[in-house]
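# Return a 3D structure for these sequence lines:
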Amino acid sequence: IGVTGVQTCALPIYHYDSYLLSGVSGVNARSFYYPDKAKANCAECHMPLQASGDFGAKKYGTNDFLAVHSHAFPGANTGVPAKVLPPGPEQKKAIARQQDFLKDCIRVDLFGVKEGGTIDSPLTAPLRPTLPRLKPGKTYLIETVVRTLKVGHPLTQGTVDSNELWADVSVSDAQSRVVGRSGATGRHGEVDPWSHFMNVYMLDKDGNRIDRRNAQDIFTPLYNNQIPPGAAHVLHYKLTVPENQRSALTVEVKVNYRKFDTIYFNYTYASDYTRGGPFVLTNDLPITVMASDRLQFEIEGGDRATNTPTPSAIPEWQRWNDYGIGLFLKGDKGSEKGELIQAAEAFGKVEALGRADGPLNLARVFFKEGRLDDAVAALQRANDAQRFNPPGNRWTIAWLNGLVNKQNGFLDESIRQLTSILEDRYPELEKRGFDFSRDYEVINELGQALFERAKMERADPQRKQEFLKRSEEHTSELQSRQYLVCRLLLE
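Residues are numbered from 1 along each chain as shown. Predicted structure coming up:
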């Protein structure tokens, strides 16, 4: 059915759940950020309308022209046009179309520096319009935030085991001499394996990397550095300033994307390549710079910088919020707990800057730490309309209140809060195209709360009869299903 047809048909199989459980779909009640208007489906982004005289064309919405959905499927597959199309203008146009789609999907923010080189060292942030002067011989952490913007699924997705998304970080002096580098490529186009990759390192049952699209052998990920939609990722880069450094140092961070890595490229195009052997071919697939940031730091006692930093275009509260989100999510897909102390400090800054996102996200941190009383207090502040304009999202507040009340044993209140997410309707939801009744994470949590509540009723015969009587009084379709489950448990 053709290459683009295969891609289009594969989309629902691999991506729909992650799209559905994102703020972009308007179904996830637990996202950090939401668009002004939800995207109804994947095709809104990946199959945009284009004017057409085709016999199947029609007018969509308020458009006064005939259109069809594009089947070029702009997304991230620069490898297909690079290898399927013959070299020439059409190939360049096809590659550019894919790369243009990637613009503004993410952003990179050189956010702060920590003198001392550890995660608990003092933080100087946010950077811009003023910068600290670095000291010769001292070690610093360069705190960098990568934030997903117009992405309705984790970055990256699809063939995450072979997609290459990595940070290319360089530090150079005034004479363009490289002082430090992470993320460089070798003579065959291979990326330095010690670089920071934002993909998944998948293993088979013997501990070998899934490196040739052998999906049937997938067993477990060694790491998963995908960035959720509307979320952030924090990179810590250690830099030791040379003792004799006097000229200013330029720090540049790029996030690069390439469809397939050099190992897979050699498996595909070199007939005699074997696992672990030397590369036979050079990976010439296009490398796209998805986002970058650059700053020049003066050295204490050294020369003046040639570039004066301008204020960041990102609102200060959002820079702190993104930084906190990245710290909060560190280790979220593994056994680590993230950098919760640092995340709480960042969200405290957001609250001080007058945004309800601060206490709302603080509640997430406190709940993760088991500090339920602090989580309750933070949620109360987030819901204070006199203190914040606007207050926190009522659906996210209800979600966190439901979790906290369930942990505290207040099951009736937990059930009420979780049910409100699924059932309540009000103008804001209609205006923005949100429908949280399909958020099955909330449904699962509600089911667990109802199960625990049913066990309490079962232990007391009188309360059991009262509960069965109440179950007959609920006419809501959703609540009828919930009470039916509990009746089956009780009977």
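# contacts, neighbours, all on C-alpha from now
Fine.
# and the nearest residue to residue 281 once chain neighbours are set aside, what element?
Sequence neighbours aside, residue 266 is the residue nearest to residue 281 in space, at 6.0 Å (criterion: C-alpha to C-alpha, 6 or more residues apart in numbering). Per DSSP states H and E, residue 266 falls inside helix 262-269.
# Flag every buried residue along that helix.
Using 16 or more other C-alpha atoms under 10 Å as the test for burial, helix 262-269 gives 262, 263, 264, 265, 266, 267.
# Which residue, other than its chain neighbours, is closest to the most centrally placed residue in the chain?
Centroid-nearest residue in the chain: residue 228, 2.2 Å away (criterion: C-alpha atoms, centre = their mean). If the residues on either side of it in the chain are set aside, residue 228 comes closest to residue 154, at 4.2 Å by C-alpha to C-alpha, 6+ apart.
# again with residue 41
Once flanking residues are discounted, residue 41 sits nearest to residue 25: 7.2 Å by C-alpha to C-alpha, 6+ apart.
# So the one you found sits against residue 436, correct?
No - using C-alpha atoms under 8 Å, residue 25 is not in contact with residue 436; the gap is 9.7 Å.
# Please read off the pLDDT at residue 225 from the model.
Reported pLDDT at residue 225 in the predicted model: 92.
# isn't it right up against residue 197?
Yes - with contact defined as C-alpha under 8 Å, residue 225 reaches residue 197; the gap is 7.0 Å.
# Pull the contacting residues for residue 58.
Residue 58 is in contact with 65, 66, 67, 68, counting by C-alpha atoms under 8 Å, 6 or more residues apart in numbering.
# Kindly state the pLDDT recorded for residue 257?
Note for residue 257: predicted pLDDT of 95.
# For it, which non-adjacent residue is closest in space?
Counting by C-alpha to C-alpha, 6+ apart, the nearest residue to residue 257 once its immediate chain neighbours are dropped is residue 165, at 4.5 Å.
# phi, psi of the one you found?
Taking degrees, to the nearest 10, you get phi -130, psi 110 for the backbone angles of residue 165.
# Can you get me a residue count around residue 322?
28 (other C-alpha atoms under 10 Å).
# now residue 456
14.
# Next: the one 5 residues further on.
Residues contacting residue 461 under the criterion other C-alpha under 10 Å number 10.
# Check the gap between it and residue 412 for me.
According to C-alpha to C-alpha, to the nearest Å, residue 461 stands 18 Å off from residue 412.
# do residue 206 as well
Applying C-alpha to C-alpha to residue 206 and residue 412 gives a distance of 48 Å.
# out of those two, which sits in the busier spot?
Neighbour comparison, residue 206 and residue 412: the larger count goes to residue 412, with 14 against 8 (by other C-alpha under 10 Å).
# Could you tell me whether that one really is in a helix?
Yes - under DSSP: H, G, I helix; E, B strand; the rest coil, residue 412 sits within a helix.
# and the nearest residue to it once chain neighbours are set aside, what pLDDT?
Spatially, and ignoring its direct neighbours in sequence, residue 412 is nearest to residue 453 (7.6 Å; C-alpha to C-alpha, 6+ apart). pLDDT, residue 453: 89.
# what helix or strand is residue 453 on?
Residue 453 belongs to helix 440-458 when assigned by DSSP H and E.
# ok, residue 79 - contacts?
258, 259, 260, 285, 286.
# again with residue 249
171, 172, 173, 174, 296, 297, 298, 299.
# One more: residue 309?
Residues in contact with residue 309 (C-alpha under 8 Å, 6+ apart) are 128, 129, 130, 131, 295, 296.
# thinking again about what came up before, now pLDDT too, for the contacts of residue 58, in a markdown table please.
As requested, the contacts of residue 58 are exported to a markdown table (pLDDT from 0 to 100):
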| residue | pLDDT |
| --- | --- |
| 65 | 89 |
| 66 | 91 |
| 67 | 91 |
| 68 | 92 |
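# from the residues you listed, which is closest to residue 81?
residue 68 (21.7 Å; C-alpha to C-alpha).
# which of the residues in the host helix or strand of the closest one are buried?
Element membership of residue 68, judged by DSSP H and E, is strand 67-69. Neighbour counts over strand 67-69 (16+ other C-alpha under 10 Å) mark 67, 68, 69 as buried.
# shouldn't the second one be in contact with residue 55?
Right, residue 68. No - contact criterion C-alpha under 8 Å: residue 68 and residue 55 do not qualify, at 9.7 Å.
# quick one: residue 255 is in a strand?
Yes - counting by three-state DSSP, residue 255 falls inside a strand.
# Please tell me how far residue 444 sits from residue 415.
Distance from residue 444 to residue 415, by C-alpha to C-alpha: 12 Å.
# between the two, which one's more packed in?
More crowded of residue 444 and residue 415, by other C-alpha under 10 Å: residue 415, with 21 against 12.
# Give me the phi and psi for the more buried one.
phi -60, psi -40.
# Isn't it up against residue 451?
No - Residue 415 lies out of contact with residue 451 (C-alpha under 8 Å); the separation is 10.5 Å.
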